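Visitor: I need the structure of the sequence given here:
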Amino acid sequence: MKSNRKSSQFSSDKVLSQEAKNHIELGVSSIIKSIKQFVDEDGTLNSPIRVSKMYEELLSGYLIEPDELLNNALFDVEYDEMVIVKGVDFYSLCEHHMLPFYGEAHVGYTPKKKIVGLSKIPRIIEMYARRLQVQERMTQQIASFLFEHVDPIGVGVVIEAQHLCAAMRGIKKPNTIMITSTLLGHFKSNSATREEFMSHVR
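Guide: Numbering: from 1, shown residues only. All right, here's what the predicted structure looks like:
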């Protein structure tokens, strides 16, 4: 799902528009009404508002401007060895069932001319996690963003996650872990570089 600021209900001031909030509240109200005979009416009275506020937080990645995210945090440093940030926790929502998936992201890159501020890599991960996602796309988006904006020699991203859509429904296998990777530049073309990165994140 791509963000389109001209037509999206997500506004540029980094909060949901009132129209979007109304749509979410109406949708949640409809779900509650459909199972009304089974739920505590007092307990769910304000649930539509709560859920709307929750989605404003969980989908906040659509509201972030990538260039603003970096905020000039690229620095000229003479360093040409691998940089790795591993074990970055994230939470996201599967676009198929809108249930959470969560885990760790590991990111590595080899600088060409610039390095990126340490805090920015977790923020990049968060930007793409806070959207309706599939893990495969999210992995590619993080790698592509770094490759395009930091211009390194190569980038590697590995994500390990558990999906509640597999744990709570369907096959009901709660301990299943999905691993995805995207390799760009010499992380893909150079087997030694690829093996070094993978050995660090294993």
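
Visitor: Enumerate every residue touching L132.
Guide: M1, L59, L93, C94, E95, M98 (CB atoms under 8 Å, 6 or more residues apart in numbering). Backbone N, C-alpha and C define where each C-beta goes, glycine included.

Visitor: Max pairwise distance over the residues you listed: which two?
Guide: L59 and C94 (12.8 Å; CB to CB).

Visitor: right, and I153 touches K112 too?
Guide: Yes. Here I153 reaches K112: they are 5.1 Å apart, a contact under CB atoms under 8 Å.

Visitor: Report back the residue of this protein that's furthest from centre.
Guide: Within the chain, Q37 marks the point farthest from the mean C-alpha position, 36.5 Å out by CA atoms, centre = their mean.

Visitor: Name the SS class of the closest residue in space to H200 that isn't next to it in sequence, please.
Guide: Once flanking residues are discounted, H200 sits nearest to I84: 5.2 Å by CB to CB, 6 or more residues apart in numbering. Following DSSP: H, G, I helix; E, B strand; the rest coil, I84 is assigned to strand.

Visitor: give me the number of residues near I84?
Guide: 15 (other CB atoms under 10 Å).

Visitor: Now that it has come up, it's in contact with E196, right?
Guide: No. The criterion here is CB under 8 Å, and I84 misses it with E196 at 9.4 Å.

Visitor: on that earlier part again, the residue farthest from the centre of the chain should be in a helix, yeah?
Guide: Yes. Assigned with three-state DSSP, Q37 falls within a helix.

Visitor: give the contact list for it.
Guide: Neighbours of Q37 in contact, by CB under 8 Å, 6+ apart: none.

Visitor: before we move on, back to that, and the contacts of L132 as TSV, adding pLDDT, distance to S119 and neighbour count?
Guide: Shown next, in TSV, are the contacts of L132 (pLDDT from 0 to 100; distance: CB to CB, whole Å; neighbours: other CB atoms under 10 Å):
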residue	pLDDT	distance to S119	neighbour count
M1	34	26	12
L59	95	22	20
L93	98	24	21
C94	97	27	18
E95	97	27	12
M98	97	29	11
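
Visitor: Which of the residues you listed sits closest to I177?
Guide: Nearest to I177 among those, with distances taken as CB to CB, is C94, at 14.8 Å.

Visitor: contacting residues for that closest one?
Guide: P100, F101, L132, Q133, V134, H163, L164, C165.
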